[in-house]
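J.: Predicted model and sequence follow; I will ask about them next.
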2 protein chains.
Amino acid sequence: MDIRTEAAKMKRTAPVLASASNEQRNKALEAVSEALTLHADEIFEANQKDLDAARRDGVAPAVQKRLKFDESKLRDVKDGIAQLIRLPDPLGKIELARSLDDGLDLYRVTCPIGVIGVIFEARPDALVQISTLCLKSGNCAILKGGKETAETNRVLFGIIKDSAISAGLPENCMLQAELHNEIDELLSCDKDVDLLIPRGSNSFVQYIMNNTKIPVMGHADGICHIYVDEEYDRDMAVSVIIDSKTQYTAACNAVETLLINRRIAHYFLPVLANALKSNGVKIRGTEEVSEIIPCEIMGEDDFATEYLDLIVSVKLVDNVDEAIEHINYFGSHHTDSIISGNDDNTARFMQMVDSAGVYHNCSTRFADGFRYGFGAEVGISTGKIHARGPVGLEGLVTYKYKLFGHGDIVADYASGKKKFAHKSIRTGSDSCF
Amino acid sequence: MDIRTEAAKMKRTAPVLASASNEQRNKALEAVSEALTLHADEIFEANQKDLDAARRDGVAPAVQKRLKFDESKLRDVKDGIAQLIRLPDPLGKIELARSLDDGLDLYRVTCPIGVIGVIFEARPDALVQISTLCLKSGNCAILKGGKETAETNRVLFGIIKDSAISAGLPENCMLQAELHNEIDELLSCDKDVDLLIPRGSNSFVQYIMNNTKIPVMGHADGICHIYVDEEYDRDMAVSVIIDSKTQYTAACNAVETLLINRRIAHYFLPVLANALKSNGVKIRGTEEVSEIIPCEIMGEDDFATEYLDLIVSVKLVDNVDEAIEHINYFGSHHTDSIISGNDDNTARFMQMVDSAGVYHNCSTRFADGFRYGFGAEVGISTGKIHARGPVGLEGLVTYKYKLFGHGDIVADYASGKKKFAHKSIRTGSDSCF
C-alpha cells in the first residue's frame, strides 16, 4: 500500500464525511458497537495470537497486560461508544453570528479538521476509542497501532471500517497503516494530512515532531510536579503524593518532582520518606534534602527527568513563587498540583503555572479525558495552540467562517458609501447548516 | 542584542503579564494612545527619514504609500486602540465548569498563549495594531518589522513599550528585533517562544515554516476562487468579481481563479471579459476558454498560481461539485465565494469547500479582521489548528484546566470506592480567577 496515494484519496473523501449528519455518524457508531459483539470470538482469537507472540518474545508482564482484549475490555469500549453516541454533535455549532451590514451575515461554524493521523501504542482498546472519536467528529483517520497487537488491530480495524461503510459513511474514511516504514511515508503527507497525534515514548514523539511539516498535537514528556506549601494538611499531602506517584507509574500524568516548602521540610520530609519507602518509591534529592532524609543526591539539571518509574525527585523551595519558577522552567507544561490551605498562594499557583492542568489539593493522575467527562481522549496536549490537556471531541474540530451576501463588494465600504454595522444575530438554536 | 537571552527573560515575564487585570491592560492601552499623540511630531519626523530613504532607493510608489505614517494613519491606529479597549476581556473566561464529583471542580479558563513572535511587512500601523492586540490579550511580544520603516518602527516601539511599562505592565513584556539575522535567532527559540506569526511573501512564510520547531500561524499563499453557478445574477457576478480582483490587487484575499459553469460560458464570458479588460485585468484561461474569449492559454498546473496582480485564471466546470473539487485541490484554503441563486448548490459549496472563509454572493475581499468586527487582526490563518481565518483577540488566547479538590486521589475511583458525577456547575458570571 502506498500511504501517499491513499492519503490523497482520503483528502478528497474528507468533505463528504464532513457533511454526514449526526444521525448518520451515530448510526455508524451503533453499527460498530453491534459488530464488535457479533465478531467477539474472532477478536479474542486474534488477540490470543498477539498474547502468545508476546509471551514467546519475552515482553514484560506489565506490558502484556495492556495487550489483552477480553470480555471486560469489550464491555469498556462498548460503554465508551454508547457514551459517544449520547454526546451532543460537535459539528455545525454556531460559535459566532454577526450581521456585518444589512443582508451580509457572518457565521463561525464548527467543522471537522479533515484527515487525522494517529500513531499509538500497542493497546487494542485505544484503536477502538480513537477511531470512534474520529467518526463522531467527522474526521477521516489514518491509524497506526503498536506492532505487538498487530493481529488484534487488523481484526478490530476491519470490523469498524466495514460497519462504518455499511452504515453509509464514505469509502476511504478510514485507513490502517501496518508497517513501521509507513510512518515515514505518513510524515511526508503534509498536503493531505491535517493533523498528527503521536502517542508513545518521549523520543518517538520528538522524532515525529522533528520530521514532519504536518501540525503535531500531543506531548513528548510529562514532568508533573506537586508543591507542598507551608500551610498544608499532612495526611492529604502524603495521600495525594502517593497516588500521583504510584497509582499508575508509567502514565504521563504521574508526578516526577516534589517541591517542598523549606519551613515544613524538617517535619514533613521524614513522614513523606517513610510513606514513599513503604510504597517502594526511591528518593533522589538535592544535597539539602539528603541532610534531612536518606536519598541519592542529584544535580539541578536532573530535575528535567521523567522517570515513569518508582523514583521521585525532591527539592526544597522558599515559597510558592520559587515553586512556580521551578515548574515553569523544568516542567513540561502537563499537569502540576499545589497542596495548600492558603488561598493567596493557591490563587497565585493556579494563575501563574503555565501548564495544561493546574490542580489544587488533588492528584495529578486526574488529567485524563475520561475523568474530565469527555467520553474518551485521543491524547493529551501540552501545546498551547489549538487543544490543551486531554483532547476529546472538541479538540478534533475546527471552524470555518461562512459569509452570506447579496452582491456585497468591499469598494462600497472603502469609499465610505456604506458602513459596517457589526450587530449580533440571534440564532434560534446553536446548531445550523 | 542576543534574542535567545531576551526570549528566555520574556518567558519568565509571561506569567506576570498573564496575571495583569483587564483594567491594567486597558490602562496601558490608554497610556499608549495618549503617548502617540504627545510624540506625534517625533513619529512623523522618523517616518520622513524612512520615506526619504525609500525615494532615494527607488522603492516602488505603491509600496512607498504603505510606508507613510501621517495624521490620518495616527487617527486610524488611535481609533483601533479605542475599539480594543472597549472589547470584552478575552482572558479568564470560563469555557467549561464541571463538578467531577462532590468537592472536585474542574474549570477550563482562557489565558494568554505566552510569548508570541510576529514578523511583519514594512507598515508602521501594523506595528501599533499587533503590539496593542498582544497587550490586550496579555501576551509578551517579539516584533520584527520590515526594514523600510526601521526609523518609524524604532520610535513607535519605544513609545508603546515605555507607556505600557509606566502604566504598570512588567519590564520585558515587549521586545523589538531590528536586524535581519535576528529572525534566524528567533526561529531557534522553541523553548521560550510559543507561537510565530509571519506575514509577508509566500516564499518568506514558507522559509519560516520550514526552519523552526515553533508552531507557526498564518498563510503562505492566498489562492482565492469565485465560482459562478448556472443560476446567477449577471451584474452581481461581474461586480463581485471586479471588486475581488481589483479593489486591492496585492492582498491575500484578492481572487486569483474564476470557475464558470459551462452552461453559462458562451453568454457570460464575453460580458466578463469586457469588464475585466476595462479594469485592466489580463485573462489567462484553458484552451476551451480561449475559444470563447481572447486570452493567454494556460496549463492545468498553473491554477495553483497566486498572481497578486491584475491577472486572473479562468476555467469552465460542469457543476458545483467540479468547482468544489478544483478549489479543494488547487486552492490555499483561504477564502472562496460562490455566486448562485440556487439554494442546494450554495449549501453544498458552503459545506464542502474546505477553506477558512466560504462566501455566498459577496466579494472575497471581506476576509479581514476589521471587516469581521474583531477590532484588528494579527494575520489570517489558513491552518485548521487553533485559529482559522482573520486572527484577532480570540486567536491569541489558549486555555488551561483548573481542578480544585480536597485531597482527592485517583485510586478511589480506580477501585470503585467512588464514582464520577460529571455535573455542570452553574457559574455566576462567565469570568473568573
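T.: On my side now, so go ahead.
J.: residue contacts, the closest residue to chain B within the stretch 1-150 of chain A?
T.: For the stretch 1-150 of chain A, the residue closest to chain B is residue A:15, as judged by CB to the nearest CB, at 4.0 Å. Where C-beta positions appear, they are placed from N, C-alpha and C, glycine not excepted. Contact partners of residue A:15, counting by CB atoms under 8 Å, 6 or more residues apart in numbering or on different chains, are B:324, B:328, B:351, B:352, B:353, B:354.
J.: nearest residue to the second one other than its sequence neighbours?
T.: Nearest residue to residue B:328 in three dimensions, chain neighbours excluded: residue B:354, at 5.2 Å (CB to CB, 6 or more residues apart in numbering or on different chains).
J.: Pretty sure the one you found sits against residue A:16.
T.: No. The criterion here is CB atoms under 8 Å, and residue B:354 misses it with residue A:16 at 11.2 Å.
J.: So if I had to pick from these two, which one is more boxed in?
T.: Each of residue B:354 and residue A:16 had its neighbours counted (other CB atoms under 10 Å in any protein chain shown), and the higher figure belongs to residue B:354 (23 against 16).
J.: Now do the contacts for the more buried one.
T.: With contacts defined as CB under 8 Å, 6+ apart, the neighbours of residue B:354 are A:14, A:15, A:18, A:114, A:400, B:328, B:333.
J.: try 10 Å
T.: Applying CB atoms under 10 Å, 6 or more residues apart in numbering or on different chains, we find residue B:354 in contact with A:11, A:14-15, A:18, A:111-114, A:194, A:400, B:324, B:327-328, B:331, B:333, B:336, B:384.
J.: rewinding a little: name the member of the contacts of residue A:15 that has the highest neighbour count.
T.: Busiest of these [other CB under 10 Å] is residue B:353, holding 27 neighbours.
J.: can you tell me which two in the contacts of residue A:15 are farthest apart?
T.: Using CB to CB, the pair of the contacts of residue A:15 lying farthest apart is B:328 and B:351, separated by 12.0 Å.
J.: Give the buried residues for the strand ranked longest in chain A.
T.: When chain A is parsed with DSSP state E, its longest strand is strand A:397-408. By neighbour count, with 16 or more other CB atoms under 10 Å in any protein chain shown as the criterion, the buried positions of strand A:397-408 are A:397, A:398, A:399, A:400, A:401, A:402, A:403, A:404, A:405, A:407, A:408.
J.: Could you pull up the contacting residues of residue A:287?
T.: A:295, A:297, A:298, A:299.
J.: Apologies, that question was intended for residue A:366.
T.: The neighbourhood of residue A:366, defined by CB under 10 Å, 6+ apart, consists of A:243-244, A:253, A:335, A:337, A:357, A:359, A:372, A:390, B:100-101, B:104, B:106, B:401, B:403, B:405, B:408-410, B:413, B:420.
J.: again, but for residue A:13
T.: The contact partners of residue A:13, by CB under 10 Å, 6+ apart, come to A:114, A:115, A:140, A:169, A:170, A:171, A:172, A:173, A:174, A:175.
J.: What of residue A:244?
T.: Taking CB under 10 Å, 6+ apart as the contact definition, residue A:244 lies against A:224-226, A:251, A:253-256, A:258, A:312, A:335, A:337, A:359, A:362-366, B:409-410.
J.: Need the pLDDT of the closest residue to residue A:423 other than its chain neighbours.
T.: Nearest residue to residue A:423 in three dimensions, chain neighbours excluded: residue A:99, at 4.6 Å (CB to CB, 6+ apart). What the model reports for residue A:99 is a pLDDT of 95.
J.: Count the neighbours of whichever residue of the stretch 251-400 of chain A sits closest to chain B for me.
T.: For the stretch 251-400 of chain A and chain B, the shortest gap (CB to the nearest CB) falls at residue A:362, measuring 2.9 Å. Other residues within reach of residue A:362, judged by other CB under 10 Å, total 26.
J.: what do you get for the one 10 residues further on?
T.: A count of neighbours around residue A:372, defined by other CB under 10 Å, yields 23.
J.: Fine by me, thanks again.
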